[in-house]
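S.K.: Build the 3D model from these lines:
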Amino acid sequence: MQIKTLRQLKLAIFFLSGLVYSQYTDQINSNRPGYSVGAFSVGKGVIQFEGGLHRKNLNHEGYNNSTSKGTAYQLSVRWGFLSERLELNYQGSYIKDKLISKLSSSSIEYKRKGFLENFIGIKYLIFDPFKKEEKANLYSWKANNSFKIKHLIPAVSLTLGGNFNLENENPYPFGDMFNILYNSIFFPLQESIKEPFLTLGGTLATQSHFLGTWVFVTNFSYSKYLSDYPQKSYALTLTHAFHPLWSVFIENQGFFGERHKDFVLSTGGAFLFSDDIQIDAGLSFNTKSTPGIFYFNTGVSYRLDFHKAFISGEEIKAKETAKEEKELKKTLRKSTKKEKKRSRKAKRKK
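M.R.: Modelled structure (predicted):
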């Protein structure tokens, strides 16, 4: 019974001292394997890489069950700079797939490759409800894990940036895996639909923590601005850590645009291999057939932690002042002792 209580206490302290109450954490804090982004940055002086492989299988009933199967290579680079509230980030996705068209009596095969995403943005933490650190109770697991209304107040951040289309003939404009078939049916005599070189987008993210080991993240996004096909989307992610090294999540995404309307469910888990390395895996699927999707992804997150090397002038001055005060108190204690000694000797002589 004591061993179980000790484990629970360690888990509570781990979350209360790390994930909940600071931008920078002792352990890596990755957005993977889900698709939403948290409200907090990685911390000033931290460079973090989050990469993975996504196996994508799509079947489109509207195109006579034509299929697209391929592997996407995803990379996210995050850098906390200038302030704990700021993060510069890059999101990239490159895919190689095989599209099999079944619109005619004999199947036609297309082998393709190209970018799905090249997004560069800046995230800023607008509101941090955990600015004042709440100390963990070392004597009560119940006190650390009891529900408190204030824990539902979310941190809020805003990410703004742009997506760059680096290919003149991108086979996946606006992320449409069946673009060739779409053009051949709806616009057979017109020029193919193309994505502009630059489109703008933004994400409002919130992040709440409760019961010690639960995290709830919401994303509300607007993307492809400056194009003919802007898109609104949301993501709701609930994560639970059932062990200091293991966590699981469930996620719901919704997409609302002329080229893409869908609801996607995802689930998976992550393992903390070390303070700076996380390994993860997950799967995603939807409930419709135009197209029906099934994704499997696995990846790793790694950070270069230079956070301690960044000390502001105010922090240096505060440390120097504290050191001087400590030395002064030490000197005063010695002087007081000597004065008392002299007083005792003087009394004895009398």
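S.K.: tell me how far the longest helix belonging to the chain is from the chain's mean position?
M.R.: Counting by DSSP state H, the longest helix found in the chain is helix 313-349. Put simply, helix 313-349 sits 50 Å off its chain's centre (Cα atoms, centre = their mean, to the nearest Å).
S.K.: what is the mean pLDDT for that helix?
M.R.: On average, the pLDDT along helix 313-349 is 72.
S.K.: With stretch 42-58 instead?
M.R.: Rounded mean pLDDT across stretch 42-58 is 94.
S.K.: Could you give me the buried positions within that stretch?
M.R.: Judged by neighbour count (16 or more other Cβ atoms under 10 Å), stretch 42-58 contains these buried residues: 42-48, 50, 52, 54, 56-58. The C-beta positions use only the backbone N, C-alpha and C, and glycine is treated the same way.
S.K.: of all these, which comes closest to Asn64?
M.R.: If you rank these by distance to Asn64 using Cβ to Cβ, Leu58 comes first, at 13.8 Å.
S.K.: Neighbouring strands - and their directions - for the helix or strand encompassing the closest one?
M.R.: Taking DSSP states H and E as the criterion, Leu58 maps to strand 46-60. Its sheet considered, strand 46-60 pairs with strand 66-80 (antiparallel), strand 292-305 (antiparallel) by DSSP bridges.
S.K.: can you map out the helices along the stretch 101-250 of the chain?
M.R.: Here the stretch 101-250 of the chain has its helices, by DSSP state H, counting those that start in this stretch, at 141-145, 179-186.
S.K.: tell me the phi and psi of the residue lying closest to His307 once chain neighbours are set aside?
M.R.: In this structure, His307 finds its nearest non-sequential neighbour in Gly45, 4.2 Å apart by Cβ to Cβ, 6 or more residues apart in numbering. Backbone torsions of Gly45, given as degrees, to the nearest 10, read phi 90, psi 0.
S.K.: from memory Gly45 sits against Arg303, does it?
M.R.: No - assessed by Cβ atoms under 8 Å, Gly45 is found out of contact with Arg303, at 10.5 Å.
S.K.: lowest-pLDDT helix or strand in the chain?
M.R.: Of all helical and strand segments in the chain, the minimum by mean pLDDT, DSSP states H and E falls on helix 2-14, at a mean of 44.
S.K.: Low-confidence stretches in the stretch 151-300 of the chain?
M.R.: By pLDDT under 70, the weakly predicted segments of the stretch 151-300 of the chain are 151, 185-191.
S.K.: what are the ranges of the strands in it?
M.R.: 155-164, 198-210, 214-225, 231-243, 246-257, 261-274, 277-286, 292-305 (DSSP state E, counting those that start in this stretch).
S.K.: Ok, which of those comes nearest Thr321?
M.R.: strand 292-305 (27.4 Å).
S.K.: Return the distance of the closest one from the chain's centre.
M.R.: 11 Å.
S.K.: And for Leu236, the neighbour number?
M.R.: Look at Leu236: counted by other Cβ atoms under 10 Å, it has 16 neighbours.
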